[in-house]
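Undergrad: With the input below, show me the fold.
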Amino acid sequence: MKTYKDLLIWQKAMNFVTEIYYSTKPFPRDEQWGLVSQIRRCAVSIPSNIAEGYGRKSTKDYIRFLRITMGSIYEIQTQLEISKNLEYLHNKTFENLYELSREIERMLSSLISKIKKE
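TA: Residues are numbered from 1 along each chain as shown. Below is the predicted model:
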């Protein structure tokens with residue numbers, strides 16, 4: 001592996017960000033500076049923290065950034081639930097985004113465990 005871009009989890013997180021942007025585009029205009037902004041910033045932080053942690057070249061820092069990423073995943077899962085409850089997201093869209101976030105969550109948990117063992 002040469003860079004963080006080679007990490008499958010980073011690639012999936014980047015795709016997740018794209019899906020989040022497309023899915024939040026039709027939200028009500030009055031949510032652009034509220035929920036939409038919060039969801040998008042949270043989504044962007046996921047691959048960003050994976051990359052930043054990787055770039056620190058320290059196992060301790062890397063794990064710290066991956067744990068921060070896990071917090072962002074839980075945060076965005078909550079925001080997706082709120083969006084569904086407010087009927088800004090259709091059930092199918094919610095389920096797709098939630099499952100993508102869960103996949104990243106599982107991969108992240110596995111990566112943290114693997115790095116801690118090394």
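
Undergrad: okay but residue 67 is in contact with residue 111, surely?
TA: No. At 10.9 Å, residue 67 does not count as touching residue 111 under the criterion of Cβ atoms under 8 Å. No exception for glycine: its C-beta is placed from N, CA and C like everyone else's.

Undergrad: neighbour count winner among those two?
TA: Ranked by neighbour count (other Cβ atoms under 10 Å), residue 67 and residue 111 place residue 111 first, with 19 against 13.

Undergrad: For residue 3, give me phi and psi.
TA: phi -140, psi 170 (degrees, to the nearest 10).

Undergrad: Could you report the pLDDT at the closest residue to it other than its chain neighbours?
TA: Closest residue to residue 3 apart from its sequence neighbours, by Cβ to Cβ, 6 or more residues apart in numbering: residue 54 at 7.7 Å. Residue 54 carries a pLDDT value of 95.

Undergrad: Run through the residues that contact residue 54.
TA: Neighbouring residues of residue 54 by Cβ atoms under 8 Å, 6 or more residues apart in numbering: 3, 4, 7, 10, 62, 65.

Undergrad: Under the pLDDT cut-off, which ranges of the chain? List them.
TA: For the chain, the stretches with pLDDT under 70 are 1.

Undergrad: Repeat the analysis, applying 90 as the threshold.
TA: 1-2, 57, 118 (pLDDT under 90).

Undergrad: Mind listing what's buried along the strand or helix carrying residue 10?
TA: Using DSSP states H and E, residue 10 maps to helix 8-24. Judged by neighbour count (16 or more other Cβ atoms under 10 Å), helix 8-24 contains these buried residues: 9, 10, 12, 13, 14, 16, 17, 20, 23, 24.
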